[in-house]
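In: quick one: sequence plus predicted model below, questions after.
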Amino acid sequence: MMRDLFFFGDSITYGEWDEQGGWVQRLRSSIDQTFMAGRGPKTHVYNLGVTGHTSEDLLKRVEPEMAARFNPEAETLAIFAIGMNDAHYMVKEARYHRTPEEFEANLGRLIGAARKYTRNIALVGLNPVDQQKVDPLPWNTNKAYRMERVRLFNEVIEKIAAEEELFFVDIWKSWSLMSYKTLLCDGLHPNASGHRRIAEKVSAFLKVTKRG
């Protein structure tokens, strides 16, 4: 049995600030090594993370991206890691980019789109941020990320995962139990250690679906 893994998200999914390519690339490396050693199935890993993307941006491309790569003979998995950019504060306009209700509705639509191709879907939660460094962003002073807002959107993701009976990859709670700022490169994006920890968390979903 072949496996096709679709990872949708933003710059964190893409893997910025990790010399090993980010948590998706780390998973791919492990998966490729397992296959070449004869201990796992042939697997295509599609990293569809785009820097700056929001849930609204994903809605425009999730179906075309999956349709172009879909193999009915393969076991298909869809992993969504989105929401950080939905939660940001727009300094010049003095408002948040999206409301929790809008974000929740978009997540529902994303899940519906993915279910046209697979029932194996996971939602990755958000990581906490170092607000002192990212309120506002030094490289884009019109964008700001605030802990309480990010936490609120993470709760929306967890809520939807529970309601839709999807696998939820909890980053927030585990990171909050440690000195999580040491896992961030710039106050927003994970560093190499942070990406490694996310990869370890997501790998649990891949093992569950493999057994299923």
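Out: Received it, and whenever you're ready, just let me know what you need.

In: partners of the most centrally placed residue in the chain in the sheet?
Out: For the chain, the residue nearest the mean C-alpha position is A81 (1.6 Å; Cα atoms, centre = their mean). Beta bridges link A81 to G9, judged by DSSP bridges.

In: state the mean pLDDT of the longest helix anywhere in the chain.
Out: Longest helix of the chain, by residue count under DSSP state H: helix 192-211. Across helix 192-211, pLDDT averages out at 90.

In: on that earlier part again, and the residue nearest to the centre of the chain, how far from V24?
Out: A81 is 9 Å from V24, where distance means Cβ to Cβ, to the nearest Å. C-beta: built from backbone N, CA, C; applies to glycine.

In: which residues do these two both contact?
Out: Residues within reach of A81 and of V24 at once, by Cβ atoms under 8 Å, 6 or more residues apart in numbering, are 7, 13, 49.

In: of those, closest to H189?
Out: T13 (10.7 Å; Cβ to Cβ).

In: A helix includes the closest one, no?
Out: Yes. Counting by DSSP: H, G, I helix; E, B strand; the rest coil, T13 is located in a helix.

In: so who does it touch?
Out: By Cβ under 8 Å, 6+ apart, the neighbours of T13 are 7, 22-24, 47-49, 81-82.

In: one more: P190?
Out: So P190 contacts 12, 17-18, 23, 127, 183-184, 197-198 (Cβ under 8 Å, 6+ apart).
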